[in-house]
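**Student:** Here is my input; please provide its structure:
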Amino acid sequence: MTIYNFSAGPACLPDPVLSVAGEAAKEYKSSGISILEMSHRSAPIVSLFEETSHNLRTLLSIPSNYKILWLQGGASSQFAMIPMNLLPEGRTADYMDTGAWSFKAKTECNKIGTANVIGSSKESTYSYIPKDIEQNIASKYLHITSNNTIYGTQYKKYPKVDNPDGFLVADMSSDILSKPINVSDFGLIYAGAQKNMGPAGVTLVIIRDDLVGKNYREIPTMLNYETHVKKDSMFNTPPVFSVFVVNETLKWLKDLGGLESMAGINERKAGNLYSEIDRNPLFKSPIAEEDRSLMNVPFIFSKDGLDDNNFLQFCDKRGLKTLKGHRSVGGFRASIYNAMPEEGVDALIAAMKEYKV
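**Tutor:** The predicted structure is shown next:
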């Protein structure tokens, strides 16, 4: 029986990537040494980091005036690093509150400066992306979370920053590499790898040159972007194996035809699943249709009193794993990132059609 892992993260990885990763864990490039044992100062690992950054720059068409960093600490560490590095003393930043992660980002900013919440859908359990927002012209940057992993909303169009001196910051942890984006629309993009890019352990930061080294305040060395830019992400021992897996995932995406091709596949997968949710009288989507995520698809029973566990067990017996909704929402959630094959979504749709109460 084929197993399909619908986990929100750490999430499924492409089978070819897992196969190559297993080989590298035993021996890397005929060296007689596992990649897990290799010095990050060695020529093969320095070359690996250069290749990974090159592949990412090519896939995302990242302009030359942006730096690529491979860091640790997860996207959660960026919640504090961003205002530490980018928010001048006495200035404010605008934040969109569209879910648990954006709320945490705002909370961390308030420990360093002032975060203005200019839009929130918290009152509706984050079931939509607020559109009618009024930015503060004095705010240094606008922070958004491009895809809401828990509640299943996603920006289809990114907001423009009103302040001519400001810039857009985006947490793209759960939809990075799922479609083409215009990187130059952003001052900084960050993403934890474990949802759509690779395994846990590495965090991507793409930062515009002119935002590095502002030194608005005294910052601990490891939390200063300039530290990592100057050392090409090698200031301390980086997460070598995680970056290796990211690089293999980037190669897989390239072989697939790039992000245009990936976007078409993702639209088809999500479209088919949402069509079944809307068609099937047993289920419904709690998310505003225009804001439905292509990565994380929450759905619930359309009637009260039905047992979620029965459906979860029904799916589990068919190899459809980790479909339980987040504890704050309940119901079900299918995370259908890049690596989820279309056959997995088809298998879930078949189970939804077969299920009887």
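
**Student:** rest of the way, CA atoms for contacts and neighbours
**Tutor:** Noted.

**Student:** now the spatially closest residue to residue 311 that is not a sequence neighbour: how far from residue 227?
**Tutor:** Residue nearest to residue 311 in three dimensions, not counting chain neighbours: residue 355, with 7.3 Å by Cα to Cα, 6 or more residues apart in numbering. Distance, residue 355 to residue 227, using Cα to Cα, to the nearest Å: 55 Å.

**Student:** neighbour-wise, which of these two wins?
**Tutor:** Neighbour totals were compared for residue 355 and residue 227, and residue 227 leads with 17 against 12 (other Cα atoms under 10 Å).

**Student:** Can you classify the spatially most central residue of the chain by secondary structure?
**Tutor:** The centre of the chain sits closest to residue 173, judged by Cα atoms, centre = their mean, with a distance of 1.8 Å. Here residue 173 is recorded as coil under DSSP: H, G, I helix; E, B strand; the rest coil.

**Student:** mind listing what it touches?
**Tutor:** By Cα atoms under 8 Å, 6 or more residues apart in numbering, the residues touching residue 173 are 75, 147, 190-196.

**Student:** Restricted to strands, list those.
**Tutor:** Among these, the ones falling in strands (DSSP state E) are 147, 190-192.

**Student:** In contact with residue 92: list those residues for me.
**Tutor:** Counting by Cα under 8 Å, 6+ apart, residue 92 touches 113-116, 138-141.

**Student:** Contacts only, for residue 296.
**Tutor:** Contacts of residue 296 by Cα under 8 Å, 6+ apart are 8, 148-153, 333-337.

**Student:** The residue nearest to residue 55 when sequence neighbours are not counted: neighbour count?
**Tutor:** Closest residue to residue 55 apart from its sequence neighbours, by Cα to Cα, 6+ apart: residue 250 at 6.4 Å. For residue 250, the neighbour count with other Cα under 10 Å is 24.

**Student:** Please look at residue 250 and residue 53 and confirm they touch.
**Tutor:** No - between residue 250 and residue 53 there is no contact under Cα atoms under 8 Å: 9.8 Å.

**Student:** I'd say residue 180 and residue 259 touch.
**Tutor:** Yes - Residue 180 is in contact with residue 259 according to Cα under 8 Å; the separation is 5.4 Å.

**Student:** what touches both of these two?
**Tutor:** residue 60.
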